[in-house]
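Q: Fold the stuff below for me.
(one chain, ligands or ions: 1)
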Amino acid sequence: MNPSLINATHDPALRSWVASANLPGADFPIQNLPFAVFSVRGCAAAARCGVGIGDQILDVAACAPLLSGLAAEAALACAAATLNALMALGNAAASALRAELSRLLSAGQTAQRELLAQALHPLAGVDLHLPVKVGGYTDFFASVHHATNAGRLFRPDAPLLPNYKYVPVAYSGRANSVRVGGAPLQRPWGQLKAADQAAPEFAPARRLDYEVELGIYIGAASQTGRPLAVADAWDHVFGVSLLNDWSARDIQAWEYQPLGPFLAKSFATSVAPWVITAEALAPFRQAMAARDAGDPAPLPHLFDAADQALGGLSVDIEAQLRSARMRAQDLPAQRLSRSNAATLYWSFAQMLAHHTSNGSALDTGDLLGSGTISGATADALGSLLELTRGGAEPLTLAATQEQRTFLHDGDEVSLRARSERAGFVGIGWGHCTGTLGAATATPLG
Ligand code: CA
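A: So this is what the prediction gives:
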């Protein structure tokens, strides 16, 4: 935590006149104010941007008449059906809006409550949509624990490739694969070739997996030919969201050499509806995880002392699985893992600096996945590939005694997260949930 990033909107003493925001453990206390795109159920054509407060969402554009200057401009941008217009204004505008929304929703504010109450909608009565029109989608590989675990399955003696501790490795994904949690998801067809098969077959993927990740949304664009310095990178981060990078391991194993993942990943990527702003995350910034003794230092263009001291982000993420049988019997989901983004080897700022280091630009609405977030322990593995050691060691769902190596049709995967810090009010990230539908009966659907 850096005192200079903390302001009145993070004050742990702040309370809201929206009573549900003050409940202990609430996802959306007044210190969070996450963005989503919503419509009152049945009125999808009227989708617009809102801010979560307790069990309500505030129609931000409806508050514009109460605001002035940059905050009013930012609020008016929230009349759109995506966050892109707000994001393009940059973090100074988002910050001005946050300060005003904090003031309007705080318990001490009484004059404008009647008008504001009309702009509040119960979350139970709204639909949440894909929050951002994603321009480009890049997925990193920033967890050294995940990279080591996945690499060990293929190269037991040398799991990490020689570039890993120098390069924040990534691949280019498909922006149109990104969908909001809850949207339909279907098992893909693809080329599969088991080790004992002479030639591949074209069939529905059998080794369907999830990946626990965070997604970083770019706000203010960078310029072509002007690489971002690590120290300036957070100015271009509008916010962060839960992300599940669905992965077909059998398609991936056959196609990935030599150019990396392609169709194994591009059929679906789920994001949570809620975007936690960079400013709301300030209390949860911390030192980067220490590099092992003997690891190389980052090259100078990827090194910044302040980023080493504050570039980590404490986000405690759980992955849960609930099979169709568990849902039918009204049994609760089973937790499969609990990992923390503070263990990542590369910081978000290093990812942005690397991404732009060849002169390519980042645009408003670009999405950068962190890569699977796994920790050092057996209960912190962020994919089934790791949990079942490539399918060799099935796990058991305790409530029904069903076994899993990879996902079955009807399985629901849900990612949930919280950020906590002593002396601050903790915040929730909502959830990113998807239920795997069966493949089409024939390749052409
Ligand atoms: Ca991934």
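
Q: how would you label the residue most central in space within the chain: helix, strand or coil?
A: Central residue of the chain (Cα atoms, centre = their mean): L242, 2.5 Å from the mean position. Secondary structure assignment for L242 (DSSP: H, G, I helix; E, B strand; the rest coil): strand.

Q: Is it in contact with H431, as I believe?
A: Yes. Here L242 reaches H431: they are 7.0 Å apart, a contact under Cβ atoms under 8 Å. The C-beta positions use only the backbone N, C-alpha and C, and glycine is treated the same way.

Q: any idea how far P188 is from the residue nearest to the centre of the chain?
A: Distance of L242 to P188, given as Cβ to Cβ, to the nearest Å: 22 Å.

Q: cool, Q31 as well?
A: 40 Å.

Q: next one: L336
A: Applying Cβ to Cβ to L336 and P188 gives a distance of 22 Å.

Q: What residues does H145 make contact with?
A: T343, S374, G375, A376, A380 (Cβ atoms under 8 Å, 6 or more residues apart in numbering).

Q: Next, count neighbours for the second one.
A: In this case it means S374. Using other Cβ atoms under 10 Å, S374 is surrounded by 27 other residues.

Q: so what's it up against?
A: 143, 145-146, 149, 212, 337, 339, 343, 380-383, 386.

Q: all helices of the stretch 51-200 of the chain, in order?
A: 69-77, 84-88, 91-105, 113-118, 144-154 (DSSP state H, counting those that start in this stretch).

Q: so which residue of the stretch 1-150 of the chain comes closest to the ion?
A: Here the residue of the stretch 1-150 of the chain nearest the ion is D139; by Cβ to the ion that distance is 4.6 Å.

Q: Tell me, how many residues neighbour that residue?
A: Neighbours of D139 (other Cβ under 10 Å): 26.

Q: can you pull up the bridge partners for it?
A: Y171, G369 (DSSP bridges).

Q: Just the CA trace of stretch 72-80, in PDB.
A: Written as PDB, here are the backbone C-alpha positions of stretch 72-80 (Å, rounded to 0.1, in the frame of the first residue of the first chain):
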ATOM      1  CA  ALA A  72     -20.200  15.400 -15.200                       C
ATOM      2  CA  GLU A  73     -18.400  14.600 -18.500                       C
ATOM      3  CA  ALA A  74     -17.500  11.200 -17.200                       C
ATOM      4  CA  ALA A  75     -21.000  10.600 -15.900                       C
ATOM      5  CA  LEU A  76     -22.500  11.500 -19.300                       C
ATOM      6  CA  ALA A  77     -20.200   8.900 -20.900                       C
ATOM      7  CA  CYS A  78     -21.900   6.300 -18.800                       C
ATOM      8  CA  ALA A  79     -25.100   6.700 -20.800                       C
ATOM      9  CA  ALA A  80     -23.500   4.300 -23.400                       C
END
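
Q: mind listing what's buried in it?
A: Buried residues in stretch 72-80, counting neighbours by 16 or more other Cβ atoms under 10 Å, are found at A72, E73, A74, A75, L76, A77, C78, A80.

Q: Figure out how far it is from the centre of its chain.
A: Distance of stretch 72-80 from the chain centroid (Cα atoms, centre = their mean, to the nearest Å) equals 24 Å.

Q: Return the residues in contact with the residue lying closest to A44 once chain neighbours are set aside.
A: Sequence neighbours aside, D127 is the residue nearest to A44 in space, at 6.6 Å (criterion: Cβ to Cβ, 6 or more residues apart in numbering). Contacts for D127 (Cβ under 8 Å, 6+ apart) come out as F38, S39, R41, A44.

Q: Which members of those residues are positioned in strands?
A: Residues of the contacts of D127 located in strands (DSSP state E): F38, S39.

Q: So L101 is in contact with F35, correct?
A: No. Under the criterion of Cβ under 8 Å, L101 makes no contact with F35, lying 10.3 Å away.

Q: Between these two, tell me which one has more neighbours.
A: Neighbours around L101 and F35, counted as other Cβ under 10 Å, are more numerous at F35. The numbers are 30 against 24.

Q: Give me the phi and psi angles of the closest residue to that one other than its chain neighbours.
A: Once flanking residues are discounted, F35 sits nearest to V275: 4.7 Å by Cβ to Cβ, 6+ apart. Backbone dihedrals for V275, given as degrees, to the nearest 10, come out at phi -110, psi 120.
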